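S.K.: Below is the sequence, then the predicted model.
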Protein chains: 4
Amino acid sequence: MTQQTFNTIGLIGKQNDPRVGEALDTLSHYLLEQSLSVHLDEVNADTVTNSALEVCTRNEIGKRCDLAIVVGGDGTLLNAARALADHNVPLAGVNLGRLGFLTDISHDNMLAYLGEILQGQYTTEERFLLDSAVIRQGEKLNEATAFNDVVIHKWNAARMIELETYVNGKLVNQLRSDGLIIATPTGSTAYALSAGGPIIDPTLNALLLVPVCPHTMSNRPIVISGDNEIEVVICDRNHDNAQVTCDGQISFGLSAGDRIKIRKKEQSIHLIHPLQHDHYEILRAKLHWAEIS
Amino acid sequence: MTQQTFNTIGLIGKQNDPRVGEALDTLSHYLLEQSLSVHLDEVNADTVTNSALEVCTRNEIGKRCDLAIVVGGDGTLLNAARALADHNVPLAGVNLGRLGFLTDISHDNMLAYLGEILQGQYTTEERFLLDSAVIRQGEKLNEATAFNDVVIHKWNAARMIELETYVNGKLVNQLRSDGLIIATPTGSTAYALSAGGPIIDPTLNALLLVPVCPHTMSNRPIVISGDNEIEVVICDRNHDNAQVTCDGQISFGLSAGDRIKIRKKEQSIHLIHPLQHDHYEILRAKLHWAEIS
Amino acid sequence: MTQQTFNTIGLIGKQNDPRVGEALDTLSHYLLEQSLSVHLDEVNADTVTNSALEVCTRNEIGKRCDLAIVVGGDGTLLNAARALADHNVPLAGVNLGRLGFLTDISHDNMLAYLGEILQGQYTTEERFLLDSAVIRQGEKLNEATAFNDVVIHKWNAARMIELETYVNGKLVNQLRSDGLIIATPTGSTAYALSAGGPIIDPTLNALLLVPVCPHTMSNRPIVISGDNEIEVVICDRNHDNAQVTCDGQISFGLSAGDRIKIRKKEQSIHLIHPLQHDHYEILRAKLHWAEIS
Amino acid sequence: MTQQTFNTIGLIGKQNDPRVGEALDTLSHYLLEQSLSVHLDEVNADTVTNSALEVCTRNEIGKRCDLAIVVGGDGTLLNAARALADHNVPLAGVNLGRLGFLTDISHDNMLAYLGEILQGQYTTEERFLLDSAVIRQGEKLNEATAFNDVVIHKWNAARMIELETYVNGKLVNQLRSDGLIIATPTGSTAYALSAGGPIIDPTLNALLLVPVCPHTMSNRPIVISGDNEIEVVICDRNHDNAQVTCDGQISFGLSAGDRIKIRKKEQSIHLIHPLQHDHYEILRAKLHWAEIS
């Protein structure tokens, strides 16, 4: 089955990595040879010198391109996905090292796989993002987007924080812990996994709540519908030692009484995969499941 | 909002429990006073002596009743639910001890809550079941139904078993372990929880796979769509020391090469709850979440 | 078997808790009636008004008393134990709320149990403490004492820290995680338990290493001899976002290259228990083991 | 430091493995060339044909040899260690595949390492074993030895078993679970690890209790002194569906009321390691700790 083909390609690379510069150079030559229009993220401008390339902002890439190719690791793709979330441009990820969960095209086969994708030989997978907002005394602060997770955690003190979690307005529980992770299925293989959460199939419409080092030993990860709205309240006796962080990349300090509202973002992300893509194969490789010692 | 009312009520009780006999007696008097038709499960026939009651099989209860009231613990309701699964009769559960996840009407308030339910003051919750079948040399054996879980586990030997798990025909992983639990959201608070699985909201359309004491330490519970089909293959070197069990109540011995197919059952269960029902309140009580020591 | 009796008693109470003031008042009257010499921690001076009491520093209590009675929770006793560690005064703990692991004399039976203890009817249990020191560029900084645990953890950033752990100079592993807990058996029921560690019998000569949210899923708690020396090295790419904390109460910021050395403290703590003391009974009560739901 | 040298060597190999036969052949030639006396386990008699070898029982090996070389995997060494436990012969383990925790001499370097060992260049490590006995109506049944673990577990039914555990006569807890593992430090990296237990340093004098899939979610592994005596009682309502198994190799059916007593065996095992032996290096390799994905 051949799908939509692409004409205007955006290139986004991890910064400060010379191998990424080389890969972007190779990619841009290859794409220009195919008579495609190529836009390069301005942060990578100094790594590629080709007058046929148009250097622009990520926002411009979002507006003009019909495919964005991200070169780097999963962190680079998380970052690009959040930046492009309001546009409708699908993303393909190239990884220079070990394959990532999101950057599933290996550098070694990069041109072959992208060639197939450009000819319409690919699959599209929809992934959802999270909208997070802090409500302080009735006012909405710090609206932010997360692809992996929104984490509410202690930060500038050693003591546990106290939270109350509500789902669609109903109390789930009170929690004394190092924090609480609210993850998408995409994020279930990131920080949530380190904190003891399950693996959620990326196509499932679900949200994952994982307590981090809960004081009550019977606290467990909870999986709810992706259409639910989550509200986390910072309890009174925490004096400014909690923080909310999206994808481990954007943080905001919290005060007692703050309410953090988290829900699925209206706009979703479309990941482009080679036809050979197999999510469980990546899981097996990354989690060493095959290595029966 | 007032819902459908009920005219023909089935009563099903836990066997060999004198308190259940008393409760069935009280219930049948109450229901007959309301001029309702009351059918009693034949296994409880000797505990209630009232000529206005019709004693019949569970199958007859399924055919004739528009509400079944189950008195006992969650195990009794699991059993009744499987027996009534092919009929469309909703179930309400009365618990004589601590509230169960499924039997959420306490004995103390039994008549008050059932009075409201009979007047149409209730909520209905749909829960799904699993169909399990063993395929041996092309032949389908041991078709069975599970409400909580299908468990493939070692039984008559101390050594681990080896399994391969497929979802929609794709290999997930090979597993050396004491077993593998395939649970519904309902079952996520049963055996799967003891094995380290997450809590799944009962309304989520999801299946949960939990390895039991996996040899590979990075194996983790996996949550997938409830519409997926799971196939578990018993690997060659296990000589008849594996078994498949539904809800911990029905078992079947397995041989090397057997394939166990598990998928959502077409017919679902409808649980009737009092309007005050709050799933998370039951979770908090049963898992001692409130008791911050 | 009657043991040594006590003549000079120190009283140390949790601050800013009116019930503690009342209990100290009751205790001091009772002890003075027995013709014992009573010293009161200066931080509690304003809660007890009795001219026969000698108000003094904790250091003076350590020098002069042959028994210190601590009134409050486990946190208060942790604090007092560290302060008195260099002296040889045994500690008895009175808890005003639910029994603690360390404060195992309930307020309700306080005078009866202390009466027995004063008559030599008690058991003594030895617990060890940890010495922690930070070595930066060859210089020893921040020597501190811990009764529960020394925790090396991320603090002012969301990202994991990287550590190397050595036992008696041999590399154990490299760790990417939120942190690493080095706990005494006493501390095994504190923060280490929240992070997934085992319970260590308080009389065992052992140290417990528990990774907090490790990135590598096969990382596990490790139990080693209490006579081993542990050294944790902060790896290079962590830019000042790690911290070391003793008993969750004393913190010190770390830099890349810092080495944290942890070993058993020479001086130990002696806890005085009523003859009825049963460690497992407290465990069962505090961890809700009896409540088979 | 040169240690005791060896004159009479026993060879014990895994059965039914052709590579083991070849390795035994190579070893026996090598040892005979050194003018050593070599005894071969009778179960391996058909794999080596050399008239200078003395074929004998394991018991005879125990009596006559001053070193036993075990060729196979950890399971082979466990088996040999139990058989030789009453004698005082130290063991060295050669592994033909991936290194084991116990068989830490790789086949590739076998002759070089054994050469050094025969010249007294080695370290000796003492490991302890467990004595397990079932007491039924006052009578002692089924005395057995374990090197890794004694496991009390459900076997011929899907339902949990109920146990009571006592340490030195004091109740620890009542447990509803799939089973309970009592492990030596050696066994902490075997089945206990799959059930969620910690890693115990092999030199620590400690016993590890790990519940398997406990119904009460706050149950945790417990580490106690190796000098303690453990008693596990099978509670009344389990009708013959429990079993006790040593090292996963020897099983015995249990009845309600049975008491299983477990304590350190008087005789210990001495493992001979090459000087390069590093326990943590094996841990890192076997648990994939180095592979930071």
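M.R.: Cool, the structure landed.

S.K.: CA atoms for contacts and neighbours, from now on please.
M.R.: Will do.

S.K.: quick one: the lengthiest helix in chain A to chain centroid distance?
M.R.: Counting by DSSP state H, the longest helix found in chain A is helix A:18-33. Here the centre of helix A:18-33 is set off from its chain's centre by 24 Å, with CA atoms, centre = their mean, to the nearest Å.

S.K.: Now do the same contact list for the residue nearest to A:A206 when sequence neighbours are not counted.
M.R.: In space, and not counting its chain neighbours, A:A206 is closest to A:G226: 3.9 Å by CA to CA, 6 or more residues apart in numbering or on different chains. In this structure, A:G226 makes contact with A:205-207, A:263-264, judged by CA atoms under 8 Å, 6 or more residues apart in numbering or on different chains.

S.K.: One more pass at 10 Å, please.
M.R.: A:128, A:130, A:184-185, A:204-208, A:263-264, B:204 (CA atoms under 10 Å, 6 or more residues apart in numbering or on different chains).

S.K.: farthest pair in those residues?
M.R.: Using CA to CA, the contacts of A:G226 span at most 18.5 Å, a distance reached by A:L130 and B:L204.

S.K.: what about these two, which has more around it?
M.R.: A:L130 (27 against 21; other CA atoms under 10 Å in any protein chain shown).

S.K.: who's the more buried one bridged to?
M.R.: The bridge-partner assignment for A:L130, based on DSSP bridges, gives A:A146, A:K264.

S.K.: Strands along the stretch 51-200 of chain A, start to end?
M.R.: Under the criterion DSSP state E, counting those that start in this stretch, the stretch 51-200 of chain A contains strands at A:54-56, A:67-71, A:91-95, A:105-106, A:123-127, A:130-136, A:139-146, A:149-154, A:161-167, A:170-177, A:179-183, A:199-200.

S.K.: got the residues of the stretch 1-150 of chain A near chain D?
M.R.: A:97-100 (CA under 10 Å from any CA of the partner chain).

S.K.: What's the PyMOL syntax to select whichever of the residues you listed are buried?
M.R.: Per 16 or more other CA atoms under 10 Å in any protein chain shown, the buried members of those correspond to this PyMOL selection:
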select buried, chain A and resi 99+100
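
S.K.: In CSV, list the residues of the stretch 1-150 of chain A next to chain D along with pLDDT and distance to A:S106.
M.R.: CSV is the format used below for the residues of the stretch 1-150 of chain A next to chain D (pLDDT from 0 to 100; distance: CA to CA, whole Å):
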residue, pLDDT, distance to A:S106
A:G97, 81, 8
A:R98, 80, 8
A:L99, 80, 6
A:G100, 88, 9
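
S.K.: can you give me the helices for chain A?
M.R.: With DSSP H as the criterion, chain A has helices at A:18-33, A:58-64, A:74-84, A:110-118, A:191-194, A:279-286.

S.K.: Most tightly packed of these?
M.R.: Counting by mean count of other CA atoms under 10 Å in any protein chain shown, helix A:191-194 has the highest mean neighbour count of these, with a mean of 24.

S.K.: follow-up on the earlier one: out of the contacts of A:G226, which one sits closest to chain C?
M.R.: A:L208 (16.4 Å; CA to the nearest CA).

S.K.: which residues does the closest residue to chain C within the stretch 1-150 of chain A bridge with?
M.R.: For the stretch 1-150 of chain A and chain C, the shortest gap (CA to the nearest CA) falls at A:V150, measuring 11.2 Å. Beta bridges link A:V150 to A:I182, A:C246, judged by DSSP bridges.

S.K.: ok, A:D201 - contacts?
M.R.: Counted by CA under 10 Å, 6+ apart, A:D201 has contacts A:184-186, A:188-189, A:279-280, B:206, B:222-225.

S.K.: if we go to 6 Å?
M.R.: B:I224 (CA atoms under 6 Å, 6 or more residues apart in numbering or on different chains).

S.K.: Could you export the residues of the stretch 1-150 of chain A next to chain D as JSON lines, including distance to D:Y122?
M.R.: Shown next, in JSON lines, are the residues of the stretch 1-150 of chain A next to chain D (distance: CA to CA, whole Å):
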{"residue": "A:G97", "distance to D:Y122": "41"}
{"residue": "A:R98", "distance to D:Y122": "40"}
{"residue": "A:L99", "distance to D:Y122": "43"}
{"residue": "A:G100", "distance to D:Y122": "44"}
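
S.K.: one step back: CSV please, covering the contacts of A:G226 and showing pLDDT.
M.R.: Shown next, in CSV, are those (pLDDT from 0 to 100):
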residue, pLDDT
A:F128, 97
A:L130, 98
A:T184, 98
A:P185, 98
A:L204, 98
A:N205, 98
A:A206, 98
A:L207, 98
A:L208, 98
A:R263, 98
A:K264, 98
B:L204, 98
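
S.K.: low pLDDT regions in the stretch 101-250 of chain A?
M.R.: A:237-239 (pLDDT under 70).

S.K.: care to break chain A down by domain?
M.R.: Domain assignment for chain A by automatic domain parsing gives A:8-128+A:268-287, A:130-264.

S.K.: so which of these comes closest to B:G248?
M.R.: domain A:130-264 (22.6 Å).

S.K.: how long is that closest one end to end?
M.R.: 5 Å (CA to CA, to the nearest Å).

S.K.: In contact with the closest residue to chain D within the stretch 51-200 of chain A, which residues are there?
M.R.: In the stretch 51-200 of chain A, the residue that lies nearest chain D is A:R98 (7.6 Å; CA to the nearest CA). Shown in contact with A:R98 (CA under 6 Å, 6+ apart): no residues.

S.K.: Let's see that with 10 Å instead.
M.R.: By CA under 10 Å, 6+ apart, the neighbours of A:R98 are A:73, A:104-107, A:285-286, D:293.

S.K.: One more: A:V167?
M.R.: Counting by CA under 10 Å, 6+ apart, A:V167 has contacts A:173, A:224-225, A:228-232, A:262, B:280.

S.K.: Show me the two of the residues you listed that sit farthest apart.
M.R.: A:I262 and B:Y280 (18.9 Å).

S.K.: Could you check how far A:G169 is from chain C?
M.R.: A:G169 sits 27 Å away from chain C, going by CA to the nearest CA, to the nearest Å.

S.K.: and the stretch 151-293 of chain A, which of its residues are near chain C?
M.R.: A:151, A:153-160, A:177-178, A:190-196, A:212-219, A:243-251, A:287-288.

S.K.: picking that back up, of all the domains of chain A, which one is nearest B:V20?
M.R.: Nearest to B:V20 among the domains of chain A is domain A:130-264 (30.7 Å), distances taken as CA to CA.

S.K.: next one: that closest one to chain centre, how far?
M.R.: Worked out by CA atoms, centre = their mean, domain A:130-264 lies 16 Å from the chain centre.

S.K.: nearest residue to A:R19 other than its sequence neighbours?
M.R.: Going by CA to CA, 6+ apart, A:R19 has A:L96 as its nearest residue, at 7.6 Å.

S.K.: My guess is the one you found contacts A:G21. True?
M.R.: No. Counting by CA atoms under 10 Å, A:L96 sits too far from A:G21 to count as a contact (11.1 Å).

S.K.: Give the residues shared as contacts by these two.
M.R.: Common neighbours of A:L96 and A:G21 (CA under 10 Å, 6+ apart) are A:V71.
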